[in-house]
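Novice: could you work out the structure for the sequence below:
(2 chains)
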2 protein chains.
Amino acid sequence: MSKNKKMVEAITSMDVDFAQWYTDIVKKAELIDYASVKGCMIVRPYGYAIWENIQKDLDRRFKETGHENVYMPMFIPESLLQKEKEHVEGFAPEVAWVTHFGEEKLTEKLCVRPTSETLFCEHYSKIVQSYNDLPKLYNQWCSVVRCEKTTRPFLRTTEFLWQEGHTVHATAEEAQEETIRMLNVYAAHCEEILSIPVVKGQKTEKEKFAGAKATYTIESLMHDGKALQTGTSHNFGENFAKAFNIQYTDNKGKLQYVHETSWGMTTRLIGAVIMVHGDDNGLVLPPRVAPIQVVIVPVAMHKEGVLEKANSVKERLSKFARVKLDASDKMPGWKFAEYEMKGVPLRLEIGPKDIENNQCVLARRDSMEKITISLDDLETVIPQLLEAIQKDMLDRARENRDKNTRVAVTLDEFMDKIENQAGFIKAMWCGDRECEDKIKEAAGATSRCIPFEQEHLSDTCVCCGKPARHMVYWGRAY
Amino acid sequence: MSKNKKMVEAITSMDVDFAQWYTDIVKKAELIDYASVKGCMIVRPYGYAIWENIQKDLDRRFKETGHENVYMPMFIPESLLQKEKEHVEGFAPEVAWVTHFGEEKLTEKLCVRPTSETLFCEHYSKIVQSYNDLPKLYNQWCSVVRCEKTTRPFLRTTEFLWQEGHTVHATAEEAQEETIRMLNVYAAHCEEILSIPVVKGQKTEKEKFAGAKATYTIESLMHDGKALQTGTSHNFGENFAKAFNIQYTDNKGKLQYVHETSWGMTTRLIGAVIMVHGDDNGLVLPPRVAPIQVVIVPVAMHKEGVLEKANSVKERLSKFARVKLDASDKMPGWKFAEYEMKGVPLRLEIGPKDIENNQCVLARRDSMEKITISLDDLETVIPQLLEAIQKDMLDRARENRDKNTRVAVTLDEFMDKIENQAGFIKAMWCGDRECEDKIKEAAGATSRCIPFEQEHLSDTCVCCGKPARHMVYWGRAY
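Specialist: Model (predicted):
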């Protein structure tokens, strides 16, 4: 047994200490490791393979909606960052400054991009002249840096991987359509690929992005009842166009400012997958994003014919699924625990008795159900099961989200519910910043969004009693 | 004609001014734009699409040879960079230093990675314990920063995109095998995808990578007779393992140092494609790396039925090729020039007369040949033509390289040939650094590599007349 060094130790239960449970999973499922650079993380092969699956799906959706990838420099000169006033105020306190190249002091310091609006704007101001040049629909895959005092892997790190879309349009209507189109792309990705249900809506003035006219968001609920913003899409109107003088000649020969959007999703999605689907045995991955969809664990592996049969099963499965055969010396029980920790959706067990009966055992990671099937049915049953897991995980997450979404009509009710049961609170709001601040102070909850699907819960603001203007989702958030 | 703003102006002829010809192509083919950050470039959609095709092929080859992708932080603390002495001496003068996060001064400054050996080593020292953990075969796609005084798009920029492979192995033999395996992967990529012939060999002590035991390289010859190093693969032996204490327990329970390799390829490959295949009409792209393989240009587009037919041809071609139909208002002649500038391998022209005769015209970008084919033969002729272009481009480049590779037996002959005809010089070398320095001083040429395929040209060193130890490729280089 000396070779079984990598035995999987039990992790902290999520009910005992949710934060520790989360940290245990990211480490034990080998998603990340810590680096010697404070606040940064190493994304290990298994974590990066999840990110590659997310990238592949999003990139396909971006290209299908007409977007093109580009690459902008990672450095932004100080003077360029300062061109849009609200934007620089939002980011300056947390940017990393490069002051020297080798021994040589720079005449103008450069920040490492916290986001690239300013670089895209400068470029657009050079390449956009006429209405024929519009729209420009660009996206970039890269990492960005925003200094964070307290960090959590995937959720909040000083450097993180993301994509940032930046588009310019001839009219306000087109920019607004694009902003909503990309929010819908994000929502579809979350629901179809990650099995994560989302609430779509608009951020309040207080919560919107630095420099934006309007910010739209998708919000999801984690196992511990906290909210997570999983993606945002911003309409900048003409704010940046005016600061960077991005003008075009319209079809009547008149100079006009472009209308701009930006939208981003990050490796934080992996954190969402952990906290929406994980359990006390570790990670649970939806099949469409899982690096390994089926793991084959041979039982009594050294008996004659077992490994051969396992290999032929692998061969067959690899035609339609991402499959791994673990033929290492570890005991089957250790392997079961290891792939449960790693959240592999399906485990296929096959031993001498199974082979005798022309069958194998399939164990679902999400429900822990086990079934025995004929080896003749691999090609029909397994794809169906993977689809069923994908769908059941979404249904279960939606059920959990709905169960933990509560209505509050008074502030007392609001505080009572968020204190005792966590989750989303739906409550009416007058629209005043003052009430938003007061709710934050009293209940520690922020407005998550003004959802597109409005409901009339009462006539008055949950906080001040003045006439209500919106129904808002509130929550404590990551 | 007012809409034809993007008319394609003629570019500088490569015989008149090669450097200007190169710059004209990267700008006019819309591969890059300059950013306000000195020495950095914006990779525009068309340039980035070429990079994506390069990435896709290399990434497939890496995965097929068992490698996994990871992501390391972009920052390296000063103390970590300094752990391997030769390495830090090689890079410290050109790294970008981050000294502040917002207003706050860092207690230890961080450099933006010029390469990530140190980060990988630190990680390996934590995760490698036993021989069961070996080998670790990791790769990373990212950008790196090395301050450059004089920059050229793709060839030498302060920030550039690349991949860096970093592997650790139990034995010296395995590390050496890996080093050569990846050099061969690089060579296959260059020849099969980019149609660029390469010379494979080892770098001299003088030219090897900072901290490596041995550096292997693939070298290619550009149109102007200068050499370009297109990829390198390094064997570090135990150098880094000792500096970072990366040890494992072997199968006899004894502690051993790992053996390490690294290998990288960059966006400079795009520069190589330009300078190996381009001509005075612009870029010429091999089909396998071309973002658009066939462009359809309708002639007399507004005549009845032309656009419909062009669209149905596009539909058919898109089943097996990357195809674009340009139905914009520009005149066909403008379109011809534009896609020639962009190096699109095949142009398909179709007008009313063609439709009447159930035919179309195909124009090859590489040879400028035109043929007329029946519309019934699209599915057979076009794939064959694309393959023929791919192969002919490699053959032509190899012929050109061979024609410009000359033998020199004396230093006078060496200087005469490199001065008057440029190209590679093959000459014998005694192995002494002194001769290498002298050749550099006298002829401005560096040793490109000691090729794996050795020839015996004479008994003595081209420089000092002492007994020769190697045949070496020399050249003036980018």
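
Novice: does A:T23 count as helix, strand or coil?
Specialist: helix (DSSP: H, G, I helix; E, B strand; the rest coil).

Novice: isn't it right up against A:L155?
Specialist: No: counting by CB atoms under 8 Å, A:T23 does not reach A:L155; the two are 10.8 Å apart. Using the backbone N, CA and C atoms, a C-beta is placed for each residue, glycine as well.

Novice: ok, now how distant is the residue of chain A most remote from its centre from A:K353?
Specialist: Distance from the C-alpha centroid of chain A peaks at A:E304, with 45.8 Å (CA atoms, centre = their mean). A:E304 is 13 Å from A:K353, where distance means CB to CB, to the nearest Å.

Novice: A:G431: how many residues sit nearby?
Specialist: With neighbours defined by other CB atoms under 10 Å in any protein chain shown, the count for A:G431 comes to 16.

Novice: touching, it and A:M471? I think so.
Specialist: No: in this structure, A:G431 is not within contact of A:M471 by CB under 8 Å, at 11.5 Å.

Novice: give the contact list for A:I373.
Specialist: Applying CB atoms under 8 Å, 6 or more residues apart in numbering or on different chains, we find A:I373 in contact with A:Q359, A:C360, A:L362, A:V381.

Novice: and if you look at A:L134?
Specialist: A:V128, A:V168, A:H169, A:A170, A:Y248, A:V258.

Novice: also A:G351?
Specialist: A:P298, A:V299, A:A300, A:K303, A:V306.

Novice: for the third one, helix, strand, or coil?
Specialist: Applying three-state DSSP to A:A300 yields a three-state assignment of coil.

Novice: next one: the closest residue to it other than its chain neighbours relative to chain B, how far apart?
Specialist: In space, and not counting its chain neighbours, A:A300 is closest to A:G351: 4.9 Å by CB to CB, 6 or more residues apart in numbering or on different chains. Noted for A:G351: a distance of 24 Å to chain B, by CB to the nearest CB, to the nearest Å.

Novice: and the pLDDT for A:G351?
Specialist: We have a pLDDT of 97 for A:G351.

Novice: before we move on, back to that, show me how to select, in PyMOL, the buried members of the contacts of A:G351.
Specialist: Selection of the buried residues among the contacts of A:G351 in PyMOL, burial being defined by 16 or more other CB atoms under 10 Å in any protein chain shown:
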select buried, chain A and resi 298+299+306
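
Novice: show me which of the contacts of A:G351 is closest to A:D17.
Specialist: Closest approach to A:D17 among these (CB to CB): A:V299, at 35.0 Å.

Novice: can I see the domain layout of chain A?
Specialist: The record assigns chain A these domain ranges, following automatic domain parsing: A:18-277, A:294-385, A:405-475.

Novice: between those, which one is closest to B:L80.
Specialist: That would be domain A:18-277 among those, by CB to CB, at 5.8 Å.

Novice: check the gap between A:G343 and A:M14 for me.
Specialist: 14 Å.

Novice: between those two, which has more neighbouring residues?
Specialist: The residue with more neighbours, out of A:G343 and A:M14, is A:G343; 28 against 19, by other CB under 10 Å.

Novice: check contacts around the residue most central in space within chain A.
Specialist: Closest to where the C-alpha atoms of chain A average out (CA atoms, centre = their mean) is A:L269, at 1.9 Å. A:L269 sits next to A:I54, A:F154, A:C190, A:L194, A:T230, A:G231 when contact means CB under 8 Å, 6+ apart.

Novice: max pairwise distance over those: which two?
Specialist: Between any two of those (CB to CB), the greatest distance is 15.0 Å, for A:F154 and A:C190.

Novice: so where's the stretch 201-350 of chain A uncertain?
Specialist: Across the stretch 201-350 of chain A, no stretch falls below the confidence threshold (pLDDT under 70).

Novice: give me the distance from stretch A:115-131 to the chain's centre.
Specialist: 27 Å (CA atoms, centre = their mean, to the nearest Å).

Novice: wait, does that stretch contact chain B?
Specialist: Yes: between stretch A:115-131 and chain B, judged by CB under 8 Å from any CB of the partner chain, the touching residues are A:L119, A:E122, A:H123, A:K126, A:I127, A:Q129, A:S130.

Novice: which of the residues you listed tops the neighbour count?
Specialist: Busiest of those [other CB under 10 Å] is A:L119, holding 26 neighbours.

Novice: from A:C111, how far out is that one?
Specialist: Counting by CB to CB - A:L119 and A:C111 are separated by 11 Å.

Novice: ok, now A:Q20?
Specialist: In terms of CB to CB, A:Q20 sits 35 Å off from A:C111.

Novice: which of the two has more neighbours?
Specialist: A:C111 (25 against 13).

Novice: just to be sure, the more buried one is in a strand?
Specialist: Yes: per three-state DSSP, A:C111 lies within a strand segment.

Novice: that one contacts A:Q82, correct?
Specialist: No: shown here, A:C111 and A:Q82 do not form a contact pair, counting by CB under 8 Å, at 10.2 Å.

Novice: from the contact counts, what lies against whichever strand or helix holds A:S79?
Specialist: Per DSSP states H and E, A:S79 falls inside helix A:78-81. On a contact count with 3 or more CB pairs under 8 Å, 6 or more residues apart in numbering or on different chains; DSSP states H and E, helix A:78-81 meets helix A:85-91, strand A:104-112, helix A:117-127.

Novice: let's have these in TSV, adding mean pLDDT.
Specialist: Output for those, formatted as TSV (pLDDT from 0 to 100):
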stretch	mean pLDDT
helix A:85-91	81
strand A:104-112	96
helix A:117-127	96
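
Novice: of the ones you listed, which stretch is the most buried?
Specialist: Across the helices and strands packed on helix A:78-81, the average number of neighbours (mean count of other CB atoms under 10 Å in any protein chain shown) peaks for helix A:117-127, which reaches a mean of 22.

Novice: quick one, it and strand A:104-112 angle?
Specialist: Using axes from the mean of the first three to the mean of the last three CA atoms, to 10 degrees, the direction of helix A:117-127 lies 90 degrees away from that of strand A:104-112.

Novice: so what strands line up beside the helix or strand that helix A:117-127 is followed by?
Specialist: Counting by DSSP H and E, the next helix or strand C-terminal to helix A:117-127 is strand A:136-145. Using DSSP bridges, strand A:136-145 pairs in its sheet with strand A:68-69 (parallel), strand A:159-169 (antiparallel).

Novice: partners of A:K370 in the sheet?
Specialist: Going by DSSP bridges, A:K370 forms beta bridges with A:A363.

Novice: is it true that it touches A:L346?
Specialist: No: with contact defined as CB under 8 Å, A:K370 and A:L346 do not form a contacting pair (10.7 Å).

Novice: overlap in contacts, the two.
Specialist: By CB under 8 Å, 6+ apart, the residues touching both A:K370 and A:L346 are A:L362, A:A363, A:R364.

Novice: top of those by number of neighbours, please.
Specialist: A:A363 (20 neighbours).

Novice: how about that residue, what does it touch?
Specialist: Contacts for A:A363 (CB under 8 Å, 6+ apart) come out as A:F336, A:L346, A:R347, A:E349, A:E369, A:K370.

Novice: in the stretch of helix or strand the first one belongs to, what counts as buried?
Specialist: It refers to A:F336. A:F336 is part of helix A:332-341, with elements assigned from DSSP H and E. Of all the residues in helix A:332-341, those buried under the rule 16+ other CB under 10 Å are A:P332, A:W334, A:K335, A:F336, A:A337, A:E338, A:Y339, A:E340, A:M341.

Novice: I'd like the distance from that helix to the chain centre, please.
Specialist: That offset, for helix A:332-341, works out to 27 Å (CA atoms, centre = their mean).

Novice: give me the next element, helix or strand, following it.
Specialist: strand A:346-350.
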